[in-house]
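Undergrad: dropping a prediction and its sequence here:
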Amino acid sequence: MMMPPTMGEMWTTMGSSIASFMFIWAIVRQYCPYEIRRFLEKCTHRVTGHFYPYITISFHEFTGDRLKRSEAYSAIEAYLSSNTSKSAKRLKAEMGKDSTNLVLSMDEFERVTDEFKGAKVWWVLSKTVSPIRTGMSMSYCPEQEKRFYKVSFHKRYRDLITDSYLDHVIREGKEIRVKNRQRKLYTNSPGYKWSSFKQTMWSHIVFEHPATFETMALEPGKKKEIINDLLTFSQSKDFYARIGKAWKRGYLLYGPPGTGKSTMIACMANLLSYDVYDLELTAVKDNTELRKLLIETTGKSIIVIEDIDCSLDLTGQRKKKGEQISGEDYERGKERKEAYNKDQEGNNNNNNNNNNNGGNGNSSKVTLSGLLNFIDGLWSACGGERLVVFTTNYVEKLDPALIRRGRMDKHIELSYCSFEGFKVLAKNYLKLENHQMFDTIQSLIKETKITPADVAENLMPKSPTDDPKRCLCNLIQALQEAKEEEDIAATEEEMK
Ligand SMILES: Nc1ncnc2c1ncn2[C@@H]1O[C@H](COP(=O)(O)OP(=O)(O)OP(=O)(O)O)[C@@H](O)[C@H]1O
Ligand SMILES: [Mg+2]
């Protein structure tokens with residue numbers, strides 16, 4: 001494979017006297033102090049630059065403060081590993097995503113070629129070694145390695161390479177990285193505020209939720225609509241730029257506990273390969289901290305505020321005097337479910353505010369207007385491709401300003417399990433697409449309010465001997481009991 005001659009190679013072609021010079025130069029490189037070496041290198045580059053027809057551009061791994069790896073370097077690394085490493089002879093191997101496969105990339109000082117619209121370019125991964133200035137004597141001075149990719153091309157292709165090829169490499173490299181990256185779930189829980197290098201507001205773990213829209217119990221039409229909406233959003237960068245709107249979209253997921261709101265967020269993240277930022281508002285000190293948290297989020301992410309109604313006193317402005325909310329944190333899970341059911345039965349009308357707006361007793365001073373600014377103010381200027389998702393069990397209690405279209409663009413109700421939903425769960429849990437008991441379940445499920453979470457729980461085998469038939473029987477029994485309870489409640493209501 002033809003490579004462009006390096007400057008050193010050009011010298012050698014110029015005769016044996018130059019070869020001797022190269023020999024001396026090699027010795028100088030080996031034994032001279034760093035400063036002299038750098039000076040001699042600069043002189044050689046200057047002299048050879050006059051008749052060397054190739055241009056080189058370097059991309060360093062770290063720039064400036066060394067804290068942040070250069071995005072361009074990472075993108076080039078991804079591009080070269082997938083595009084040109086096949087032609088490299090010396091490769092290095094690393095464990096890839098999920099630790100299931102090996103990712104090969106070119107090793108140090110390996111050179112590979114690439115072609116773009118008829119122009120040939122040569123890439124090499126190089127490094128320089130320089131002393132770290134620590135104040136120690138030179139003989140004990142530790143050395144610092146600085147890696148960089150260098151691309152070389154003939155000067156006649158200068159415009160093509162700088163205007164189009166490099167853009168193409170970075171764009172494709174970024175796409176490859178997004179596809180291969182380990183996605184993350186970030187939280188802003190207090191207590192994890194320091195990483196080894198710098199202060200960071202978020203802590204993270206690897207995001208590996210298995211939920212997908214395929215496994216989600218939802219009417220097929222609704223599912224398709226949501227998937228289309230999400231895909232359209234993710235492919236609309238140019239559209240948002242054209243209409244002058246920040247590339248973000250708000251989703252409000254509402255419905256009773258156990259209907260799949262949190263599960264749907266995982267499905268969204270898996271569909272679009274986005275990271276998830278789970279924002280715990282009660283842990284945010286004030287609006288300033290909220291802004292900082294947001295500025296630290298990256299693109300291709302979902303920012304989630306779960307149970308927005310219980311996170312903060314967001315409806316405070318509309319509350320009448322004297323209707324102070326309790327200082328206790330609103331309890332999740334079972335208790336909320338019970339409260340929800342009671343609430344729905346109308347037994348708890350007088351205490352609604354007490355039950356639904358807990359959390360105000362903590363020290364958080366985030367306000368409704370702070371949150372609104374967060375959604376459509378400053379944040380809109382921080383680049384794009386972000387979804388913001390609120391979940392709630394009590395949509396009617398949210399301030400209309402918070403959920404108006406433009407802020408929460410799409411309102412999705414997740415409700416009790418339908419027969420279509422049940423069929424998805426039966427396929428997931430029991431690998432059953434049809435069964436003679438399905439007819440009974442269909443007529444019962446139509447008349448009963450049962451959540452997908454409850455259906456799933458009944459379909460789950462409880463012992464190794466539980467077969468699908470037994471699980472379906474369990475579900476029928478649960479449906480019958482739920483129906484009886486609903487009938488009794490309805491009769492009591494009528495008698496009042
Ligand atoms: N629509 C659904 N499809 C598939 N599984 C579901 C669905 N809804 C609930 N589940 C199952 O029930 C469990 C609880 O659901 P999830 O946490 O998503 O409910 P939620 O609506 O977020 O409830 P809450 O309002 O209490 O936060 C999930 O782990 C999942 O297994
Ligand atoms: Mg939830």
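TA: Cool, got the structure. Ligands and ions are numbered 1, 2, ... in the order given.
Undergrad: use CA for all of it now, contacts and neighbours both
TA: Fine.
Undergrad: name the residues of stretch 415-432 that are buried.
TA: Residues 415-419, 421-426, 428-430 are the ones in stretch 415-432 that count as buried (16 or more other Cα atoms under 10 Å).
Undergrad: now that stretch: average pLDDT?
TA: Averaging pLDDT along stretch 415-432 gives 94.
Undergrad: ok, residues contacting that stretch?
TA: 215-220, 255-256, 259, 433, 441-442, 445-446, 449-452, 455-456, 459-460, 468 (Cα atoms under 8 Å, 6 or more residues apart in numbering).
Undergrad: which of these are buried?
TA: Buried, going by 16+ other Cα under 10 Å: 215-219, 255-256, 259, 441-442, 445, 449-452, 455-456, 459-460, 468, out of these.
Undergrad: so which of those residues sit within helices?
TA: Secondary structure assignment by DSSP state H places 441-442, 445, 452, 455-456, 459, 468 of those in helices.
Undergrad: just the strands in the stretch 101-250 of the chain please.
TA: 102-106, 111-116, 119-131, 143-154, 184-187, 203-206, 248-254 (DSSP state E, counting those that start in this stretch).
Undergrad: hey, which of those is tucked in deepest?
TA: strand 248-254 (a mean of 23; mean count of other Cα atoms under 10 Å).
Undergrad: that strand: how far from the chain's middle?
TA: 16 Å (Cα atoms, centre = their mean, to the nearest Å).
Undergrad: now swap in stretch 466-473 and tell me
TA: 38 Å.
Undergrad: ok, back up a step: filter the buried ones among the contacts of stretch 415-432 down to the ones close to ligand 1.
TA: 216-218, 256, 259, 452 (Cα under 6 Å from any ligand atom).
Undergrad: number of residues surrounding Arg181?
TA: Arg181 has 13 neighbours, counted by other Cα atoms under 10 Å.
Undergrad: correction: the previous question concerned Cys310.
TA: Cys310: 23 surrounding residues under other Cα under 10 Å.
Undergrad: the helix or strand encompassing it close to ligand 1?
TA: Using DSSP states H and E, Cys310 sits in helix 308-311. No - if you take Cα under 6 Å from any ligand atom as the test, helix 308-311 misses ligand 1, and the best it gets is 10.7 Å.
Undergrad: spell out which parts of this structure neighbour ligand 1.
TA: So the chain meets ligand 1 at 216-218, 256-263, 333, 393, 452-453 (Cα under 6 Å from any ligand atom).
Undergrad: so among these, where is pLDDT lowest?
TA: Out of the residues of the chain next to ligand 1, that is Gly333, at 45.
Undergrad: got JSON lines for the ones in helices among the buried ones among the contacts of stretch 415-432, with distance to Arg181 too?
TA: Below are those laid out as JSON lines (distance: Cα to Cα, whole Å):
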{"residue": "Ile441", "distance to Arg181": "42"}
{"residue": "Gln442", "distance to Arg181": "42"}
{"residue": "Ile445", "distance to Arg181": "41"}
{"residue": "Pro452", "distance to Arg181": "32"}
{"residue": "Val455", "distance to Arg181": "35"}
{"residue": "Ala456", "distance to Arg181": "31"}
{"residue": "Leu459", "distance to Arg181": "34"}
{"residue": "Pro468", "distance to Arg181": "38"}
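Undergrad: of the residues you listed, closest to ligand 1?
TA: Taking Cα to the nearest ligand atom as the measure, ligand 1 lies nearest Pro452 of those, at 4.5 Å.
Undergrad: of all the residues in the stretch 351-496 of the chain, which one is nearest ligand 1?
TA: For the stretch 351-496 of the chain, Cα to the nearest ligand atom, closest residue to ligand 1: Ala453, 3.4 Å.
Undergrad: pretty sure Ile403 contacts Tyr254?
TA: No - if you go by Cα atoms under 8 Å, Ile403 and Tyr254 don't touch, sitting 11.3 Å apart.
Undergrad: for Gly258, what are its contacts?
TA: Going by Cα under 8 Å, 6+ apart, Gly258 touches 451-454.
Undergrad: ok, now with 7 Å
TA: Contacts for Gly258 (Cα atoms under 7 Å, 6 or more residues apart in numbering) come out as 451-453.
Undergrad: any idea which of these is closest to Arg147?
TA: Ala453 (51.7 Å; Cα to Cα).
Undergrad: ok, and the closest non-adjacent residue to that closest one?
TA: Gly258 (4.9 Å; Cα to Cα, 6 or more residues apart in numbering).
Undergrad: do you know how far the one you found is from Asp454?
TA: From Gly258 across to Asp454, the span is 7 Å (Cα to Cα, to the nearest Å).
Undergrad: cool, and Ser311?
TA: 25 Å.
Undergrad: between the two, who's got more neighbours?
TA: Neighbours per residue (other Cα under 10 Å) separate Ser311 from Asp454, with Ser311 holding more: 23 against 17.
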